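Chemist: Attaching a predicted model along with its sequence, questions to come.
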Amino acid sequence: MEKQQPFAEAMSELEEIVRKLELGDVPLEEAIDLYKKGMELSHYCHQKLSNAENQLISIVNDQGEKQPFQPVNGED
(Lines give C-alpha, C1' and ligand atoms only; values in the text may rest on other atoms or scores of the structure.)
Protein backbone atom coordinates (compact mmCIF):
# COMPACT_ATOMS: atom_id res chain seq x y z
CA MET A 1 0.00 0.00 0.00
CA GLU A 2 1.41 3.32 -1.00
CA LYS A 3 -0.34 5.52 1.57
CA GLN A 4 -2.01 5.29 4.96
CA GLN A 5 -5.77 4.95 4.77
CA PRO A 6 -8.39 4.81 7.48
CA PHE A 7 -9.08 1.35 8.89
CA ALA A 8 -12.76 1.43 7.88
CA GLU A 9 -11.85 2.33 4.31
CA ALA A 10 -9.29 -0.49 4.12
CA MET A 11 -11.83 -2.98 5.50
CA SER A 12 -14.45 -1.89 2.97
CA GLU A 13 -11.96 -2.29 0.15
CA LEU A 14 -10.96 -5.72 1.44
CA GLU A 15 -14.61 -6.80 1.67
CA GLU A 16 -15.19 -5.67 -1.91
CA ILE A 17 -12.16 -7.67 -3.10
CA VAL A 18 -13.41 -10.77 -1.28
CA ARG A 19 -16.86 -10.31 -2.83
CA LYS A 20 -15.40 -10.08 -6.33
CA LEU A 21 -13.20 -13.13 -5.81
CA GLU A 22 -16.08 -15.16 -4.38
CA LEU A 23 -18.18 -14.42 -7.45
CA GLY A 24 -15.45 -16.01 -9.53
CA ASP A 25 -16.21 -14.14 -12.73
CA VAL A 26 -13.01 -12.06 -12.98
CA PRO A 27 -10.22 -12.93 -15.39
CA LEU A 28 -7.30 -14.87 -13.90
CA GLU A 29 -4.84 -11.97 -14.14
CA GLU A 30 -7.27 -9.64 -12.37
CA ALA A 31 -8.00 -12.28 -9.73
CA ILE A 32 -4.28 -12.58 -9.00
CA ASP A 33 -3.96 -8.79 -8.68
CA LEU A 34 -7.05 -8.66 -6.45
CA TYR A 35 -5.67 -11.45 -4.28
CA LYS A 36 -2.35 -9.62 -3.85
CA LYS A 37 -4.11 -6.36 -2.98
CA GLY A 38 -6.38 -8.25 -0.58
CA MET A 39 -3.38 -9.77 1.20
CA GLU A 40 -1.79 -6.32 1.56
CA LEU A 41 -5.03 -4.90 2.97
CA SER A 42 -5.42 -7.86 5.30
CA HIS A 43 -1.91 -7.34 6.66
CA TYR A 44 -2.51 -3.59 7.03
CA CYS A 45 -5.79 -4.13 8.90
CA HIS A 46 -4.21 -6.76 11.13
CA GLN A 47 -1.42 -4.33 12.05
CA LYS A 48 -3.94 -1.56 12.81
CA LEU A 49 -5.96 -3.89 15.05
CA SER A 50 -2.84 -5.14 16.79
CA ASN A 51 -1.68 -1.58 17.46
CA ALA A 52 -5.10 -0.64 18.81
CA GLU A 53 -5.12 -3.71 21.05
CA ASN A 54 -1.67 -2.82 22.42
CA GLN A 55 -2.90 0.69 23.24
CA LEU A 56 -6.01 -0.63 24.96
CA ILE A 57 -4.23 -3.21 27.10
CA SER A 58 -1.84 -0.74 28.69
CA ILE A 59 -2.68 1.88 31.27
CA VAL A 60 -0.75 4.70 32.85
CA ASN A 61 -0.02 4.34 36.57
CA ASP A 62 0.20 7.13 39.16
CA GLN A 63 3.85 7.82 38.21
CA GLY A 64 2.92 8.28 34.54
CA GLU A 65 4.45 4.98 33.47
CA LYS A 66 2.72 2.59 31.11
CA GLN A 67 1.94 -0.83 32.52
CA PRO A 68 -0.11 -3.79 31.27
CA PHE A 69 -3.78 -3.67 32.12
CA GLN A 70 -4.75 -6.46 34.50
CA PRO A 71 -8.48 -6.63 35.18
CA VAL A 72 -9.53 -7.45 38.73
CA ASN A 73 -12.20 -10.02 37.67
CA GLY A 74 -14.51 -9.00 40.50
CA GLU A 75 -12.02 -9.77 43.27
CA ASP A 76 -11.37 -7.27 46.07
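Modeler: That came through fine.

Chemist: Skipping its backbone neighbours, what lies nearest V26 in space?
Modeler: In space, and not counting its chain neighbours, V26 is closest to K20: 5.8 Å by Cβ to Cβ, 6 or more residues apart in numbering. Backbone N, C-alpha and C define where each C-beta goes, glycine included.

Chemist: Could you list the buried residues of whichever helix or strand that neighbour is part of?
Modeler: For K20, the host element (DSSP states H and E) is helix 7-23. Buried positions in helix 7-23, judged by neighbour count with 16 or more other Cβ atoms under 10 Å: 10-11, 13-14, 17.

Chemist: now what about it, what contacts it?
Modeler: 5, 26, 31, 34-35, 37-38, 41-42, 44-45, 48-49 (Cβ atoms under 8 Å, 6 or more residues apart in numbering).

Chemist: The helix or strand just after that helix versus helix 7-23: what angle between them?
Modeler: Moving toward the C-terminus from helix 7-23, the next helix or strand (DSSP H and E) is helix 28-56. Counting by axes from the mean of the first three to the mean of the last three Cα atoms, to 10 degrees, helix 28-56 lies at 150 degrees to helix 7-23.
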